[in-house]
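Enquirer: Give the three-dimensional model of this entry:
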Amino acid sequence: MDLNQWMVLAMSLVFIIMLFRGIPVVYALVGVSLLFVLIGEFVLDANRQAINEYIEFDRTGITYNKLSVNAGRFFGGIIKNPVLVALPMFIYMGLMLDQSGVAQKMMKSMQVLFGALKGGLALSVMLIGIILAASTGVIGASVVLLGVMGIPAMMKQGYAKPIATGTIAASGTLGILIPPSIMLVIMSDQLAISLGDLFMGALFPGLLLGGLYILYIVIYGIISPKSMPIPDDHEPVTMAIVLEVAKSVVPPMGLIILVLGSIFFGLATPTEASGLGAMGATFLAIAARKLNLKVFKDVMRQTLNTAGYIVGIFIAANFFALVLRRYGGDEIIENMVLGSFENPYMVIGFILFIIFLLGFLLDWIEITLIIMPLMLPVVIGLNIPVEGYGVVDNPSVVWFAILVAVTLQTSFLTPPVGFALFYLKGVCPPEISLLHIYKGVIPFVILQLIGLLIVFFWPTLTTWLPAVAYAN
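Expert: Reported below is the predicted structural model:
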């Protein structure tokens, strides 16, 4: 290894050490970057002649002056990006929808509708999770909301703790994949591909996972009815109950159709659709008489905090990536990945495995912002034939992005440090331990891996819908 390779390895190790020390990721990214600019400018340059006698060192101009010139690009380039305007809008939409009370109404009505079925309550939670995923896109909010509503009802009905917690954790994480997902918004920016293609491409894989979850719950209810008992006082299904369910489902489904339908039929760009979604969620809160000045201020404050956190990581990750590239990090990583396997599909599998492991250490935001741009030239260079039907630009990149999204969703559930597990633990009663949650999510992790394999071997699942949507 030459000195540049050692510097890239050192940057990565120091960053990981800082994270383990509990340093916030933004400070870790910026601190490591400044440290290695200092090393490059004052230490290595001062000893360049002596170093080159032993090892070749070709540093490509890491100086504070050059970095100061790029300061405007770090901030201005991110803020001016029209795609990222959708980010705070979708965050606002999800938070406002939580305040509207539609999820609570769906829970009450679906619980009555499916009450006579084995696993009916778990099925209700899963269906609500799918609907919330398609209308909020915020993982933490979905998991916490489903946990607050579902855990007490499941415990009261005598559900086994693992199946109750596993159902809630898995259904809550669908928001990272089913559009409109804020992760897909960020991926669109980092991979320079159409956000509309990503939204349409993620729809079938997201529904596929939801379908696998529902199938598992139904089969589990038949095999182990004692784990998901039917309540003794369940009501018979009547037309009034069906109408009540329809009334509770129509508002969020209308919001989904407003956002995704406007994109699908070409009536609005994803950025414009995010504004429609924010407006629609506000109207739902008004219609439910849940909107007041305090609620509005709280939603705006949470939106600002979340969006500001993501933009801060955007800037820090761009800074880190620039310094890494000055040491030739992108070429080093590309050569390392491409040199691992000759088969291009094995290379993709290796990248997904690395991203899966990084999910134990980093949040999806850092992985998306740091790793995805470095992997983009690798994926393009593989020239994997993915059918785009002459409509989808860079279909192999769209397919890869959806694979990464499914992989990151899996990392949310994987013990011991899946983020969704700790979101859920925070709202569980004391008698439910982390061990119960770990046991509950294992079957769903297996289902996610099955879903990942299906998308891996059938890329058409990610490109057919955007091709049809934009061809028309």
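Enquirer: Quick check: which helices or strands does the helix or strand hosting residue 222 pack against?
Expert: In the assignment (DSSP states H and E), residue 222 maps to helix 195-223. Judged by 3 or more C-beta pairs under 8 Å, 6 or more residues apart in numbering; DSSP states H and E, helix 195-223 is in contact with helix 120-133, helix 161-172, helix 182-191, helix 262-264, helix 270-287, helix 395-413, helix 434-457, helix 460-471. In this view, the C-beta of every residue, glycine as well, is placed from N, C-alpha and C.
Enquirer: what about the longest helix in this structure?
Expert: The single longest helix within the chain, with elements called by DSSP state H, is helix 293-326.
Enquirer: Return the mean pLDDT over that one, rounded to an integer.
Expert: Averaged over helix 293-326, pLDDT sits at 83.
Enquirer: now do stretch 36-50
Expert: Mean predicted confidence for stretch 36-50 is 61.
Enquirer: Stretch 110-128 now?
Expert: In this model, stretch 110-128 has a mean pLDDT of 78.
Enquirer: now do stretch 459-472
Expert: Stretch 459-472 shows a mean pLDDT of 82.
Enquirer: quick one on the thing from earlier: any idea which of the helices and strands packed on helix 195-223 is most buried?
Expert: Each of the helices and strands packed on helix 195-223 was given a mean neighbour count from mean count of other C-beta atoms under 10 Å, and the largest, a mean of 28, is that of helix 161-172.
Enquirer: And the next helix or strand past the helix holding residue 222?
Expert: Where DSSP H and E defines the elements, the next helix or strand beyond helix 195-223 is helix 239-256.
Enquirer: got the angle for that following helix vs helix 120-133?
Expert: Relative orientation of helix 239-256 versus helix 120-133 (axes from the mean of the first three to the mean of the last three C-alpha atoms, to 10 degrees): 30 degrees.
Enquirer: Dead centre of this structure: give me the residue that sits there.
Expert: Ranked by distance to the mean C-alpha position of the chain (C-alpha atoms, centre = their mean), the top residue is residue 176 at 3.3 Å.
Enquirer: got the helices and strands packed on helix 195-223 as a markdown table, with distance to residue 297 columns?
Expert: Listed next are the helices and strands packed on helix 195-223 as a markdown table, based on distance: least, C-beta to C-beta, whole Å:
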| stretch | distance to residue 297 |
| --- | --- |
| helix 120-133 | 23 |
| helix 161-172 | 26 |
| helix 182-191 | 22 |
| helix 262-264 | 28 |
| helix 270-287 | 13 |
| helix 395-413 | 30 |
| helix 434-457 | 34 |
| helix 460-471 | 38 |
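Enquirer: nearest to residue 25, of these?
Expert: helix 182-191 (14.6 Å; C-beta to C-beta).
Enquirer: Show me what the closest one packs onto, helices and strands only.
Expert: In terms of contacts (3+ C-beta pairs under 8 Å, 6+ apart), helix 182-191 is packed against helix 86-100, helix 195-223, helix 364-366, helix 372-382, helix 395-413.
Enquirer: need those helices in CSV with mean pLDDT, can you?
Expert: Conversion of those to CSV gives the following (pLDDT from 0 to 100):
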stretch, mean pLDDT
helix 86-100, 82
helix 195-223, 89
helix 364-366, 77
helix 372-382, 84
helix 395-413, 88
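Enquirer: number of nearby residues for the spatially closest residue to residue 383 that is not a sequence neighbour?
Expert: Nearest-residue entry for residue 383: residue 344, 7.3 Å, with adjacent residues in sequence omitted and distances by C-beta to C-beta, 6 or more residues apart in numbering. In terms of burial, residue 344 registers 17 neighbours under the definition other C-beta atoms under 10 Å.
Enquirer: who touches residue 344 in this structure?
Expert: 382, 383, 384 (C-beta atoms under 8 Å, 6 or more residues apart in numbering).
Enquirer: go on, residue 210?
Expert: Listed by C-beta under 8 Å, 6+ apart, the contact set of residue 210 reads 126, 129, 130, 133, 171, 174, 178.
Enquirer: wait, which of the residues you listed is closest to residue 301?
Expert: Each of the contacts of residue 210 was scored against residue 301 by C-beta to C-beta, and residue 133 proved nearest at 24.0 Å.
Enquirer: does that closest one really touch residue 174, like I thought?
Expert: Yes. Taking contacts as C-beta atoms under 8 Å, residue 133 lies within contact range of residue 174: 3.8 Å.
Enquirer: where do the contact lists of these two overlap?
Expert: Counting by C-beta under 8 Å, 6+ apart, the residues touching both residue 133 and residue 174 are 142, 206, 210.
Enquirer: Brilliant, that's me finished.
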